[in-house]
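A.B. asks: I'll drop the sequence and a predicted model, then ask my questions.
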2 protein chains.
Amino acid sequence: MGEVQAKGKLAQDASRQLWKLTTKDKNNALALIADQLLSDQAAIIEQNKLDLVNGEKAGLSASVLDRIMLNEKRIADMAMAIRQLIELQDPIGATLEEIKKDNGLLILKKTVPIGVMGMIYEARPNVTIDAATLSIKTGNAIILRGSSSAASSNMALVRSIHEALKKSALPVDAVQLIEDTSRETAKELFHLTEYLDVLIPRGGKNLIDTVVKEASVPVIETGAGNCHLFIDESADKEMALNISLNGKTQRPSVCNALETILIHKNWYEKFGQELLQALTAQGVEIYGDETVTTDFASSHAATEEDWYTEYSALKISVKVVEDINEAITHINKYGTRHSEAILTEVTENAEAFLLSVDAAAVYHNASTRFTDGFEFGYGAEIGISTQKLHARGPMGLNALTSSKYYIYGNGQIRK
Amino acid sequence: MGEVQAKGKLAQDASRQLWKLTTKDKNNALALIADQLLSDQAAIIEQNKLDLVNGEKAGLSASVLDRIMLNEKRIADMAMAIRQLIELQDPIGATLEEIKKDNGLLILKKTVPIGVMGMIYEARPNVTIDAATLSIKTGNAIILRGSSSAASSNMALVRSIHEALKKSALPVDAVQLIEDTSRETAKELFHLTEYLDVLIPRGGKNLIDTVVKEASVPVIETGAGNCHLFIDESADKEMALNISLNGKTQRPSVCNALETILIHKNWYEKFGQELLQALTAQGVEIYGDETVTTDFASSHAATEEDWYTEYSALKISVKVVEDINEAITHINKYGTRHSEAILTEVTENAEAFLLSVDAAAVYHNASTRFTDGFEFGYGAEIGISTQKLHARGPMGLNALTSSKYYIYGNGQIRK
């Protein structure tokens, strides 16, 4: 039996122990993990250095190396995030429905853990801690498959988790790390239907596309965000400038950042130049349609590919549209169903846009940057789902639960 | 563009119109479909005869031919089911969460249609009407891919649906039938990620396994039910006899029927023979473990394969176990996570069983035959999910919805 199969079996066995544990058991284990990370800080940083040295040799970019890097502050932040997680309500065991039948049957639909979750992710070792602790909080076992670029860091972090779990009421096997980071183990995870109840990819578009295409286990698709802002004819000028700049420049690398601005032709005529200048002044490169490139000398011509592109950088595509319908059609064609916004003073236009645009989060007169589990008040986030089943949009603890029907009788049979 | 791609696009375009329609629009369309089916009755039965004649030539069994057969009564039943569906509450547009942020943002999480559903199914033409009308009620467009054995019947039924939709406010393209029933079109549906939001297989184990294994679109797994009854030491004898017979013989072909009985050794010693005789008297063949085959002459020896088997017939496997833990372990190993029951007078044992058995529905002192959308009071059922994401157990109208965050601001940006 290979590593993936063996650890899958261990995780499933552990998950069946987790169902029986109390909120206190789980929170106690989380507190032990937070303590352990702090006391193992030096060892973790040492192992992280190995990844950084290897990464430099392999020619990884400064931004990727930064994502891999762990220091005292970042480990302290992990521990603090765990302490915040402890404070959140346990979503397991809640009664979702209560049905009493005439024949005396009582049917309760209650939240239960999903079982065994798989997480496949790139670079960032903090995902190891995030995913493991969110799993524990929700009574799930987890199989972690990080990337080779953070292999030593991930092993050190999981060693600390295991040390902490040994002192807790939880089975140590609740958290499994696949140490072999070859492509083969990823593929095995894709088809681990016997042990895996869900697989969540966290990373770039290529990773997510591969998982969605190849996996036979259920997948929650996360991440890709080609987000649009539509500035309607009646939009307030100051608001449009503020929200455009906030959407694009406040943190360009994240999935809820703006990638395309669609502008009503009449608004564009009045304020278009001012908006383009404001963006350019902040270092944003403009990829425009014909109207924009004709009017605005420093802009590049947008290709068909640009409308599909999540730049994740200080670049934006800009298109002038006839009306709201053209904007909606464009977004439903090129968007990734993540976050989409309209700026308008006309209520009916806002309503039509929110109803007709197919996305997890639709905004009237606000920045798309708010699509986030913490901003929504969930206190935690495992990712942002861009699919429509199970969970859509920011996934908090509830997204890591399933349900089960408990039926109580006294001998009832079906007539 | 092939048939599947073309109809996928039409369905997606239609689905975006459905989002705007009212409950009244949808119910009106459903009433028109019910009327149309009754007035097209003769033509539908004529087309159904072609399928029956072809089926006989192809040597289909009497039970499969019965599933394909439509007559006046069955068409009247379809119309009646549609009228009951009209009475059910529209699940679309409900507010699931309301979040007010300090910065003035109002976040509403509301139910929305999933978008475009695909249904791939065998034989029964009534699934065509079921699936199409449940989709319309929930504002979804649907792509139907039935089997060649019911091709003429399905075409006749969809013709009636289209006639009815022409008179309604709904787009006719909301219901698409793939007329080419070759394997190729099934495979195209598996990968129609651009247009399909979910694919639901309805049929035998082979069909479901193939869809789960091959599809890159999100799938809801339904159906397989290898259901167990555990008779604990303290179980009431009469109750055990009643529930065993009900579970196995009341309708052996359905997924919530019993397939295995696990008996505590002490109960078996006292009442085992009586139970086995009662089953045999009802024509049930017993596949037993060594204890059973030694004691009960007319029983067959169960193979390892038997414990995994959903007989869907008057056959049952029987095993004598040491205690409740052996029963739980057996069920979690061989079960399909559908419906599992314990009979016991000891509350702690009932609680341990319900908590530790991994299934959509777990029963204390009642028959597994109750796992059903109508029995649970949902008024409709699209299938019984045996997976843990999105929907688990009987799927009513709510299982055909997704959610969307509507965010209302007045210029808020992320700090």
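C.D. replies: Thanks, I have the structure now.
A.B. asks: where are the low-confidence patches of chain A?
C.D. replies: Of all residues in chain A, none has pLDDT under 70.
A.B. asks: tell me the buried residues in the longest strand seen in it?
C.D. replies: In chain A, assigned by DSSP state E, the strand with the most residues is strand A:401-412. Using 16 or more other CB atoms under 10 Å in any protein chain shown as the test for burial, strand A:401-412 gives A:Thr401, A:Ser402, A:Ser403, A:Lys404, A:Tyr405, A:Tyr406, A:Ile407, A:Tyr408, A:Gly409, A:Gly411, A:Gln412. (Glycine included, C-beta is placed from N, CA and C.)
A.B. asks: how about the strands of the stretch 201-350 of chain A, start to end?
C.D. replies: A:227-231, A:258-264, A:285-288, A:300-301, A:315-321, A:339-343 (DSSP state E, counting those that start in this stretch).
A.B. asks: so which of those strands is nearest chain B?
C.D. replies: Closest approach to chain B among the strands of the stretch 201-350 of chain A (CB to the nearest CB): strand A:339-343, 8.4 Å.
A.B. asks: picking up where we left off before, how about JSON lines for the strands of the stretch 201-350 of chain A, with distance to B:Thr128 added?
C.D. replies: Shown next, in JSON lines, are these (distance: least, CB to CB, whole Å):
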{"stretch": "strand A:227-231", "distance to B:Thr128": "38"}
{"stretch": "strand A:258-264", "distance to B:Thr128": "40"}
{"stretch": "strand A:285-288", "distance to B:Thr128": "47"}
{"stretch": "strand A:300-301", "distance to B:Thr128": "49"}
{"stretch": "strand A:315-321", "distance to B:Thr128": "40"}
{"stretch": "strand A:339-343", "distance to B:Thr128": "35"}
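A.B. asks: looking at these, spot the one closest to B:Ser135.
C.D. replies: For B:Ser135, the closest of these is strand A:339-343, at 25.0 Å, according to CB to CB.
A.B. asks: roughly how far does the residue lying closest to A:Ile382 once chain neighbours are set aside sit from chain B?
C.D. replies: Distances taken as CB to CB, 6 or more residues apart in numbering or on different chains put A:Met395 closest to A:Ile382, at 4.8 Å, once the chain neighbours are dropped. Applying CB to the nearest CB, to the nearest Å, the value for A:Met395 to chain B is 12 Å.
A.B. asks: on that earlier part again, which neighbouring elements make contact with the longest strand of chain A?
C.D. replies: On a contact count with 3 or more CB pairs under 8 Å, 6 or more residues apart in numbering or on different chains; DSSP states H and E, strand A:401-412 meets strand A:106-113, helix B:237-249, strand B:361-366, strand B:393-395.
A.B. asks: how's chain A carved up into domains?
C.D. replies: Here the domain assignment for chain A is A:3-221+A:387-408, A:227-370, based on automatic domain parsing.
A.B. asks: hey, where'd the strands end up in the stretch 51-200 of chain A?
C.D. replies: A:95-100, A:106-113, A:116-121, A:141-145, A:175-177, A:198-202.
A.B. asks: quick revisit: identify whichever of the strands of the stretch 201-350 of chain A lies nearest to A:Arg159.
C.D. replies: Across the strands of the stretch 201-350 of chain A, A:Arg159 has its closest neighbour in strand A:339-343 (37.7 Å, CB to CB).
A.B. asks: now the closest one against strand A:258-264, angle please.
C.D. replies: 30 degrees (axes from the mean of the first three to the mean of the last three CA atoms, to 10 degrees).
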